[in-house]
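Peer 1: can't give you the sequence, but here's the structure:
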């Protein structure tokens, strides 16, 4: 099934058949059938409850609304594949998360070539984190990146963070391990030696 999901180009097949007695050879070439590229997420829900696959499929499709359509597959073992037919549809889902179904968090991973959908570790999620109480005059992309790597693994910061004047909070995108306790406070040393606490939510 993985080869079907991950096929990104039209495939050519050549057939060679040898007659058992005469030794003659016949060759044929299949038609060049264009296959639509696919972009795949593998996911599981952070719950021990049984998931109603059909209901989940309908709910997520109505929320995500991919312009080029999508397919859902139950892979067994509480894993699912979400197959998109345009890179922008996939990216919208990745950047719009986290997503839930019946209050259960969806953990997902973008499937790459040569990865096994059944063995990928699904224990991380991307999430926007709000950072409060940053000292005036110390705000920079480098500082926001450092905060992101303290909380989890920094992905990016909101482009609006550095635009304009003072803000109540700043947003950063991080990858977090669901098995690791959330860090909600961080101690920051100011120039001159004073310390401040900043809060992440």
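Peer 2: That came through fine. It should be emphasised that the depicted structure is a prediction, and the values quoted were computed from it without experimental measurement.
Peer 1: I'd like to know how many residues surround the residue nearest to residue 73 when sequence neighbours are not counted.
Peer 2: Once flanking residues are discounted, residue 73 sits nearest to residue 81: 4.5 Å by C-beta to C-beta, 6 or more residues apart in numbering. All C-beta atoms are positioned from the backbone trio N, CA, C, and that covers glycine. For residue 81, the tally of surrounding residues (other C-beta atoms under 10 Å) stands at 20.
Peer 1: go on, residue 156?
Peer 2: 16.
Peer 1: returning to what we had before: so what does the helix or strand that the residue nearest to residue 73 is a member of touch, helix or strand wise?
Peer 2: Assigned by DSSP states H and E, residue 81 belongs to strand 79-84. Using 3 or more C-beta pairs under 8 Å, 6 or more residues apart in numbering; DSSP states H and E, the elements in contact with strand 79-84 are strand 39-45, helix 53-64, strand 70-76, helix 87-96.
Peer 1: Could you spell out the sheet neighbours of the third one, each with its direction?
Peer 2: Partners of strand 70-76 in the sheet, by DSSP bridges, are strand 79-84 (antiparallel).
Peer 1: Verify the stated contact: residue 108 with residue 41.
Peer 2: Yes: Residue 108 is in contact with residue 41 according to C-beta atoms under 8 Å; the separation is 4.6 Å.
Peer 1: neighbour-wise, which of the two wins?
Peer 2: Using other C-beta under 10 Å as the criterion, residue 108 and residue 41 rank with residue 108 on top: 25 against 20.
Peer 1: and the more buried one, what is it in contact with?
Peer 2: Contact analysis of residue 108 by C-beta atoms under 8 Å, 6 or more residues apart in numbering lists 41-43, 82, 94, 97, 122, 125.
Peer 1: next one: phi and psi at it?
Peer 2: phi -140, psi 160 (degrees, to the nearest 10).
Peer 1: Which strand residues bridge it?
Peer 2: Bridge pairing for residue 108 - DSSP bridges - gives residue 43.
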